[in-house]
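Trainee: sequence and predicted structure below; questions after.
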Number of protein chains: 4
Amino acid sequence: MSSSFGTLFKVTTFGESHCAAVGAIVDGCPAGIALGAADIQVQLDRRRPGQSALSTPRSEADPVSILSGVENGVTLGTTIGLLVPNADQHPEDYQEMAEVPRPSHADYTYQVKYGVRAQSGGGRASARETIGRVAAGAIAEKYLAQQHGIEIVAWVEGVGGLAAGRVDRETLTRQDVDQSPVRCPDPEAAQAMVELITEVKDNKDSIGGVVACVCRNVPAGLGEPVFDKLEALLAHAMLSLPASKGFEIGSGFTGSRMLGSEHNDPFVAKGGRLGTLTNHSGGVQGGISNGETIYFRVAFKPPATIGLKQRTAGFDGVQTDLEAKGRHDPCIVPRAVPVVESMAALVLMDLLLRQEFRKG
Amino acid sequence: MSSSFGTLFKVTTFGESHCAAVGAIVDGCPAGIALGAADIQVQLDRRRPGQSALSTPRSEADPVSILSGVENGVTLGTTIGLLVPNADQHPEDYQEMAEVPRPSHADYTYQVKYGVRAQSGGGRASARETIGRVAAGAIAEKYLAQQHGIEIVAWVEGVGGLAAGRVDRETLTRQDVDQSPVRCPDPEAAQAMVELITEVKDNKDSIGGVVACVCRNVPAGLGEPVFDKLEALLAHAMLSLPASKGFEIGSGFTGSRMLGSEHNDPFVAKGGRLGTLTNHSGGVQGGISNGETIYFRVAFKPPATIGLKQRTAGFDGVQTDLEAKGRHDPCIVPRAVPVVESMAALVLMDLLLRQEFRKG
Amino acid sequence: MSSSFGTLFKVTTFGESHCAAVGAIVDGCPAGIALGAADIQVQLDRRRPGQSALSTPRSEADPVSILSGVENGVTLGTTIGLLVPNADQHPEDYQEMAEVPRPSHADYTYQVKYGVRAQSGGGRASARETIGRVAAGAIAEKYLAQQHGIEIVAWVEGVGGLAAGRVDRETLTRQDVDQSPVRCPDPEAAQAMVELITEVKDNKDSIGGVVACVCRNVPAGLGEPVFDKLEALLAHAMLSLPASKGFEIGSGFTGSRMLGSEHNDPFVAKGGRLGTLTNHSGGVQGGISNGETIYFRVAFKPPATIGLKQRTAGFDGVQTDLEAKGRHDPCIVPRAVPVVESMAALVLMDLLLRQEFRKG
Amino acid sequence: MSSSFGTLFKVTTFGESHCAAVGAIVDGCPAGIALGAADIQVQLDRRRPGQSALSTPRSEADPVSILSGVENGVTLGTTIGLLVPNADQHPEDYQEMAEVPRPSHADYTYQVKYGVRAQSGGGRASARETIGRVAAGAIAEKYLAQQHGIEIVAWVEGVGGLAAGRVDRETLTRQDVDQSPVRCPDPEAAQAMVELITEVKDNKDSIGGVVACVCRNVPAGLGEPVFDKLEALLAHAMLSLPASKGFEIGSGFTGSRMLGSEHNDPFVAKGGRLGTLTNHSGGVQGGISNGETIYFRVAFKPPATIGLKQRTAGFDGVQTDLEAKGRHDPCIVPRAVPVVESMAALVLMDLLLRQEFRKG
């Protein structure tokens, strides 16, 4: 188990899906930042299931408490404890998994690795684990926005075979994104996605998707070659999310099919600094931010827990049919949007602190 | 600068493209492993430029010395120092970059971050930086192969718009891969790739590509959720490579377009353990290896340094024409093959050591 | 702020003296260990103030909750969240420190470092910070005792000029230690210490002391040269405790006055392994445990907060008189006993896990 | 094996006593610092054996090469590779240790831990391991001196029962220290120490000692509570040195015998900042530097390798007599002086970089 992320802005999360509470400790937050629970709650609410008919009806109020590190509404520079109680527990929904590991879920690998397993809900492999990430990320976001005007906006770019049309990366806002329950800012695609997810849900099946994200106003200079390049940390962060299977930055896999003369981003003077005319690099060159907008995409597979009957083997090796009972999220990408934003914020925050000492 | 990778098998690399030497220190290698320079040299030779007409003619002999940690051909359990001298230095080839940063290279971002820059060859952003990774990875590979029969094989799956046909992930060998100078095991595709790269080279341009990789016989249980999941560390490792822009494991971005009922890998009994019938998961579930073959793909953009004339701005912001002199690699993916293998080996080795204590 | 300790058994603590709660997250605890709150509470109760007339009457019940990582009384291998609410808050007692930093306390340095400061009670520099350490340490202790029979016993060896007589390091138990409220197992010395502390308390002054500690049945092989030698991690752990000023292992400073021929511990066969005839080394050679009993001593200065009038300067630089109001602990060493034991357990636990993979 | 030290200024060392080379990699050194081999050589020369008749006659020229990270005499911000070849090898001197582990040396514990052992000279447990530390420390020292005027001076305070008289901590220089071959700045004590060491050497015995160290002009604010307090990192650093057995800062063990009213350091205005009238704290309060001079002491046991006949057991458990052949250092503290300075520099440098981002 490795539940810490970051070098100077270090986040440690805890909590299974059905234990007493989930949460995080944030170590290394600068002092003197105005911070209240409301700053955090807004992203937790966006992450929460049950926001629309599209996701699992498990209704989690997820109220966060700041346990330490803040006094009179200002950070002290000390560790910030964050707690969200687990209220809605339905362990009985998961009893069949005691004997039959869900295909493509973590039941089997946790059992192999630990020799024991949370009886219910996937334990640390549950999506509920991301609460601590989002709570911590909200703190980073506040600092990045206040001190540097950094804006991070993610959205659903694809669900199954459906894709959003072109999005203006320089102007898109979270309000734009939240106009649709599926968090796709292209209204037509959004409508089709809603319909697709509804159909998938009715079929007791699930569907994958793609989340895209932009980070604007990131100062040039963030990233620590050769191993902690900006894109390496982003990739690490994104592939640590439940159900993620791919990451690409800037031109990504498309860039692998291009010529250098097409792909290279020529420099131009931009108000006292060098900028680039195009941005195939995705805001990163040599592992270091170059001052242009950072953008990347994350692929999520369909959720493993489905109500459809599946032919599979139990822990005993005997073939059987599994129909997962309970309520399952047919598509996690709308809820993954604030999680992706939070992980991006954690990466940028840590690299910002690692860079700032060089100003001295 | 962050030049260390790993928690228990920790690798630290050093060296610019034109300083006295490059190399690595490996900390945490188990004692009692037979090891000689020849074990390492073979992969360094595969990484070396000048192996075929396709790559830069800079001929680097790259002989490695083991400075410490090995006595009488056996590892002592102590830090292993690895050194490769820099012999072939052509700093004069790079003088125009003193005033004009190469588009999409690291010249500009290093200057912004550090306020100073190696005068030649990209410094730590040079491909030569990967020598230390390959040397260290060869040690990990030897251990993985000897102790666990783990096999790691990477190959070129795409160059520009060309793609290899289907490859048998369970049987492919490095010999198969090395049959063609482009390291694509599909002979027809390989021939087309050779022709494409030759054309690109003649045009003083460059071209991107995709490297695929399989890891076979990896025991179930490797990976440390929630932040050091196996795929998260692989993504981190691969996106830390020069010119990489994307990573996907198993079904990857394709998986984002699938239904759960299609994507889920049903369990079946396989000789005393549970295996899966399909392998969309790519050998990883819940961030932990499940005993099936791990496979992933890495996208590389075209090399930034090209001989073609580019209109860009100098550090002074004034528009100018840049034609990079010297000899440039038109396509790095054939040489990236052993580098990808090495980084995969470093990830697996570290996770293996982090897991093994649980056996106690 | 750096609130994490350990590499594989990683503990992160949070909490100021007067915020909502204090606690810890334990990452890396092996799965399958029987664990309940009672295992932890016993050491928290020994750490608690108000156990005798000797310490501060602030009565802290300090009931611990296990928030995660344990199900049906068994550890899951996942992160363990530990929470202790802060009940008894007297921020008004500390108002004079808003303007006058207590001499030799952390008020001034926290203000300089963070530019802001918990208004009361020393914030993270409060002794209350050690609750998280003790809670986490109790988990480590349980594992060490169950799996390896390791016994850790600390005691008060000195208070002011008073010192315990010779103690049998091989047989001393916690029950022996807890016979006296001052936790000195030598009854005569204990009585004198009680009288001294009472007198110091009546004088509104404070007094320093020394805690000694033994670790028995530690297997040979623990310690990671060259930087994470066993004694280096112990020294790190102990000097991170509030008010500690010195550490010595084995012969310590006395050993610096000895000849090699006196100090060397000759080897003798001990039931199938090599042991040593004497133990000036304190159970550690070359930074690695040798199988003999580990013992070390930690020096604590007198608590900085005293009721006696002190002539000092305010934050404004103006000389003034300071008499700390409220209730102050005249001597912390009796309560430091379980804290020292806990930190020793954290060090041994981490090194044990780092060593165990070598068995494979 | 754990051969890295530091978080932002990270040093990794390698090398046994009789392999090809020893050295270090420094990761995280700020760019733009003037640096040449001569800056490093001066401290390596002070560390070298054979400087006087007092130490082992093994004459090590120890010329350092800077392999990377520096161009045109200025640091690039990239990893700095440092190499010192091993020239003078006498493995034959150590052959008897193949069967009989030296009492109180690392022969036995390395064998137990690694199952294999450098055949000669103690491997990584050799004093030669400190070369990498000193080389890296010299770089830190240069930065600390240039950017902050920080001065670090260590000296021999005790040898056996002999102790230096009072030393002026505010004015002592390295020149003062180097006046005597024993590096004790009190001429009378120095003379007695020389005589004692000579006598011990003639007796084929060895003797312990104490090194004291001051760090002047350290800015207030360095140290990262709660686990990386300044004194905790210093203690870690010092107890990682070969043969060290104790550490104390400021009043140390003496402080444990004092009253709070004696020990507390009253604040006084000192030119725009608060300083303290006395300095029992040793420049550290709450784990953070307070702007006063830091001072600490390190106890070293006598070297384990002695020519005197010792009755001990072989690896086979059979009692035997051991007389170590070859040339042995009768007292290491004079040579430990630059090593202690270097480790102090590494700690301060790392904490300085960890603090500097807060200025932003």
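Mentor: Structure's in. What do you need? Residues are numbered from 1 along each chain as shown, chains lettered A, B, ... in the order given.

Trainee: is A:Thr254 in a helix, a strand, or coil?
Mentor: At A:Thr254, secondary structure determined by DSSP: H, G, I helix; E, B strand; the rest coil is helix.

Trainee: okay, now A:Leu196: neighbour count?
Mentor: 19 (other C-beta atoms under 10 Å in any protein chain shown). In this view, the C-beta of every residue, glycine as well, is placed from N, C-alpha and C.

Trainee: likewise A:Val112?
Mentor: A:Val112: 20 surrounding residues under other C-beta under 10 Å.

Trainee: give me the contacts around the helix or strand where it lies.
Mentor: Element membership of A:Val112 [criterion: DSSP states H and E] is helix A:107-114. Defining contact as C-beta atoms under 8 Å, 6 or more residues apart in numbering or on different chains, one finds that helix A:107-114 is touched by A:97, A:101, A:117-118, A:122-125, A:315, B:220-221, B:223, B:267, B:274, B:285-291, B:355, B:358, C:31-32, C:76-78.

Trainee: can you check stretch A:29-38 too?
Mentor: A:9, A:63-66, A:69-70, A:73-78, A:80, A:139, A:142-143, A:146, A:353, C:1, C:114-116, D:358.

Trainee: thinking again about what came up before, then the helix holding A:Val112 to PDB, C-alphas only?
Mentor: Output in PDB follows, covering the C-alpha atoms of helix A:107-114 (Å, rounded to 0.1, in the frame of the first residue of the first chain):
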ATOM      1  CA  ASP A 107     -11.300  -8.500  -5.600                       C
ATOM      2  CA  TYR A 108      -8.900 -11.100  -6.900                       C
ATOM      3  CA  THR A 109      -5.700  -9.100  -6.800                       C
ATOM      4  CA  TYR A 110      -6.300  -7.700  -3.300                       C
ATOM      5  CA  GLN A 111      -6.900 -11.200  -2.100                       C
ATOM      6  CA  VAL A 112      -3.700 -12.400  -3.700                       C
ATOM      7  CA  LYS A 113      -1.700  -9.500  -2.400                       C
ATOM      8  CA  TYR A 114      -3.000  -9.100   1.100                       C
END
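
Trainee: which is the next helix or strand following that helix?
Mentor: As assigned by DSSP H and E, the chain's next helix or strand after helix A:107-114 is helix A:130-148.

Trainee: which positions in that following helix come out as buried?
Mentor: The neighbour-count criterion (16 or more other C-beta atoms under 10 Å in any protein chain shown) identifies A:130-144 as the buried residues of helix A:130-148.

Trainee: from the contact counts, what lies against it?
Mentor: Under the contact definition 3 or more C-beta pairs under 8 Å, 6 or more residues apart in numbering or on different chains; DSSP states H and E, helix A:130-148 sits against strand A:10-14, strand A:21-27, helix A:37-47, strand A:80-85, strand A:151-159, helix A:333-356.

Trainee: ok, now with 6 Å
Mentor: In this structure, helix A:130-148 packs against strand A:21-27, helix A:37-47, helix A:333-356, with contacts taken as 3 or more C-beta pairs under 6 Å, 6 or more residues apart in numbering or on different chains; DSSP states H and E.

Trainee: got the CA positions of it in PDB?
Mentor: What follows is the C-alpha trace of helix A:130-148 in PDB, where atoms were taken according to Å, rounded to 0.1, in the frame of the first residue of the first chain:
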ATOM      1  CA  THR A 130     -11.000   9.400  -4.400                       C
ATOM      2  CA  ILE A 131     -12.700  11.600  -1.800                       C
ATOM      3  CA  GLY A 132      -9.400  12.200   0.000                       C
ATOM      4  CA  ARG A 133      -7.800  13.100  -3.300                       C
ATOM      5  CA  VAL A 134     -10.500  15.600  -4.100                       C
ATOM      6  CA  ALA A 135     -10.500  17.200  -0.700                       C
ATOM      7  CA  ALA A 136      -6.700  17.700  -0.800                       C
ATOM      8  CA  GLY A 137      -6.800  18.800  -4.400                       C
ATOM      9  CA  ALA A 138      -9.300  21.500  -3.600                       C
ATOM     10  CA  ILE A 139      -6.700  23.100  -1.200                       C
ATOM     11  CA  ALA A 140      -4.100  23.000  -3.900                       C
ATOM     12  CA  GLU A 141      -6.500  24.500  -6.300                       C
ATOM     13  CA  LYS A 142      -7.200  27.400  -4.000                       C
ATOM     14  CA  TYR A 143      -3.600  28.200  -3.600                       C
ATOM     15  CA  LEU A 144      -2.800  27.900  -7.300                       C
ATOM     16  CA  ALA A 145      -5.800  30.100  -8.200                       C
ATOM     17  CA  GLN A 146      -5.100  32.800  -5.600                       C
ATOM     18  CA  GLN A 147      -1.300  33.000  -5.900                       C
ATOM     19  CA  HIS A 148      -0.900  32.400  -9.600                       C
END
